[in-house]
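Colleague: Sharing a sequence plus its predicted fold:
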Amino acid sequence: MQRRLILSFVGVVFIGLLIAGLGTFLQAGLDRSEHSQEKLLNTARSTTAFLSESLLDRRPISREKIRALTETARINEYGIVVFNPNNNQKTVISELPSGVNENELDFKSLTERGYLSGTQDGKVWVAAIADKNLENGAIAAVVLSDDLDDPLGEADRWFLLAAIFAIFLAVIVAIWLGKRFSKPIVDAAQTARSLASGDLSARLPELPPGATEETTDLVRAINSMAESMERARGVERQFLLSVSHDLRTPMTSIQGYAEAIIDGATNDPKHAGEVILAESRRLDRLVSDLLELARLDARHFKLLIRRIDLSDAAKKSAEGLRISASNLGIDLVVSSSSHPLHIDGDIDRVGQVIGNLLENAIRYADSKVVLAVRESESLVELSVADDGPGIEKEDLPHVFERLYVSRHQPEERESGSGLGLAIVKELVTAMKGGVEIISTPGSGTTIKVTFPKK
């Protein structure tokens, strides 16, 4: 990238200089002839003024004087020709410059314009007539010739030096910009390789305040991705540890009571059997929830979406858990509209969502759980509130994570799998709904689920 940036930057500068130089030199070439002719014409008029004075005073034309004038003006060649309008003859008094033919000197055009000019073989010539005529009416004209001038003079050399300096400066600036722009990308690539190799602690350093917005966004995005990956690995590790623990605990109980029954070491086989049955059910629930969550992740499940009454579904789910809540001393209250509240959903999955929410609330409630269904202008809302210990603010973002278990888990009650709320979130999302949790430590927890009203 750095090499391409340098080549592109220098290329743009070079092309710009090339276009500017070509334009300048082309324009100078167009002005070259005009500039040289104007210079010669001024000198020619000065020379013809001398001729006029000589003719006026009837002095002989001094070639030395004319030569001095032309040398002062740095004119290489000059000549004098006399036109006689009476006989239409041309008399060359001083040899015309090389490349200028006396036939090219048209008397009529010369008298009308006062001068003639032209170019020949890389040279420019000018012919100008004297202001005063000779006694016989003849007209004297001076013909000057010189090499074409370079209007730029030394400017072309300075332009070349400036162009070289500009290209050199462009290379320096391009190298500096290339390093500045490419370094964050090179560092990002190295960090990405470190992340790919398993080093999830790799991070990009923060850029200085003068860094571009794009590179700053790139650094922040990669660091955010790395943090998410590191956290995901931590969640995965915690997930495996939690699953191992949740599997090992009931397995240990089952194994211990089974061995006691076999060895005849228990005086109450019925109690041992009840413990084994309870722990096996706990295992079954954990495995079932894991399989259910795996199917949700892989989208290997079908939703039989149809128009259902959420109020009726809530009442039926509450009735199924009322006895177990009562046995735990929890008052389960249902508050719902007297008329149907319709949504589009899978009746079985909606029942599973409500059941998971109620089981979670009963597990943490002190004495009361309220299941409410209400409607707004465009939504139907189902909420489950308990009067339990609530959830700490730092724990709220993790409630719907897998195997999350609150630090306030009541030990005297049967613990859940830690997957119920994760399943709720997946199912609600699949049915185009939303889920929200509101909790304040010491004031209980409320979980709200919303669906579009039909």
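Modeller: Done, it's in. Source: prediction; values computed, not measured. Numbering: from 1, shown residues only.
Colleague: Can I get stretch 223-230 in PDB, CA atoms only?
Modeller: Output of stretch 223-230 as PDB, limited to C-alpha atoms (Å, rounded to 0.1, in the frame of the first residue of the first chain):
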ATOM      1  CA  ASN A 223     -10.400  -3.700  19.400                       C
ATOM      2  CA  SER A 224     -14.200  -4.000  19.900                       C
ATOM      3  CA  MET A 225     -14.200  -7.300  17.900                       C
ATOM      4  CA  ALA A 226     -11.300  -8.600  19.900                       C
ATOM      5  CA  GLU A 227     -13.100  -7.800  23.200                       C
ATOM      6  CA  SER A 228     -16.200  -9.500  22.000                       C
ATOM      7  CA  MET A 229     -14.200 -12.600  20.900                       C
ATOM      8  CA  GLU A 230     -12.400 -12.700  24.300                       C
END
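Colleague: Other residues contacting it?
Modeller: 191, 195, 200-204 (CB atoms under 8 Å, 6 or more residues apart in numbering). (C-beta placed from N, C-alpha, C; glycine too.)
Colleague: mind redoing it with 6 Å?
Modeller: 195, 200, 203-204 (CB atoms under 6 Å, 6 or more residues apart in numbering).
Colleague: give the contact list for residue 337.
Modeller: Applying CB under 6 Å, 6+ apart, the residues near residue 337 are residue 311.
Colleague: coming back round to it: determine which two of the contacts of stretch 223-230 are furthest apart.
Modeller: Farthest pair in the contacts of stretch 223-230 (CB to CB) is 200 and 204. Separation: 13.5 Å.
Colleague: Roughly how far does the residue positioned nearest the centre of the chain sit from residue 42?
Modeller: A centroid search over the chain (CA atoms, centre = their mean) returns residue 214, at 5.4 Å, as the residue closest to the centre. Distance of residue 214 to residue 42, given as CB to CB, to the nearest Å: 61 Å.
Colleague: Over to residue 234?
Modeller: From residue 234 across to residue 42, the span is 91 Å (CB to CB).
Colleague: what's the pLDDT at the residue nearest to the centre of the chain?
Modeller: pLDDT for residue 214: 78.
Colleague: Same question for stretch 442-454: list its buried residues.
Modeller: 444-451, 453 (16 or more other CB atoms under 10 Å).
Colleague: Same list (those residues) but as JSON lines, adding pLDDT, secondary structure and distance to residue 356.
Modeller: JSON lines is the format used below for the buried residues of stretch 442-454 (pLDDT from 0 to 100; DSSP: H, G, I helix; E, B strand; the rest coil; distance: CB to CB, whole Å):
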{"residue": "444", "pLDDT": "92", "secondary structure": "coil", "distance to residue 356": "18"}
{"residue": "445", "pLDDT": "94", "secondary structure": "strand", "distance to residue 356": "14"}
{"residue": "446", "pLDDT": "96", "secondary structure": "strand", "distance to residue 356": "15"}
{"residue": "447", "pLDDT": "96", "secondary structure": "strand", "distance to residue 356": "10"}
{"residue": "448", "pLDDT": "96", "secondary structure": "strand", "distance to residue 356": "14"}
{"residue": "449", "pLDDT": "96", "secondary structure": "strand", "distance to residue 356": "11"}
{"residue": "450", "pLDDT": "96", "secondary structure": "strand", "distance to residue 356": "16"}
{"residue": "451", "pLDDT": "96", "secondary structure": "strand", "distance to residue 356": "16"}
{"residue": "453", "pLDDT": "90", "secondary structure": "strand", "distance to residue 356": "23"}
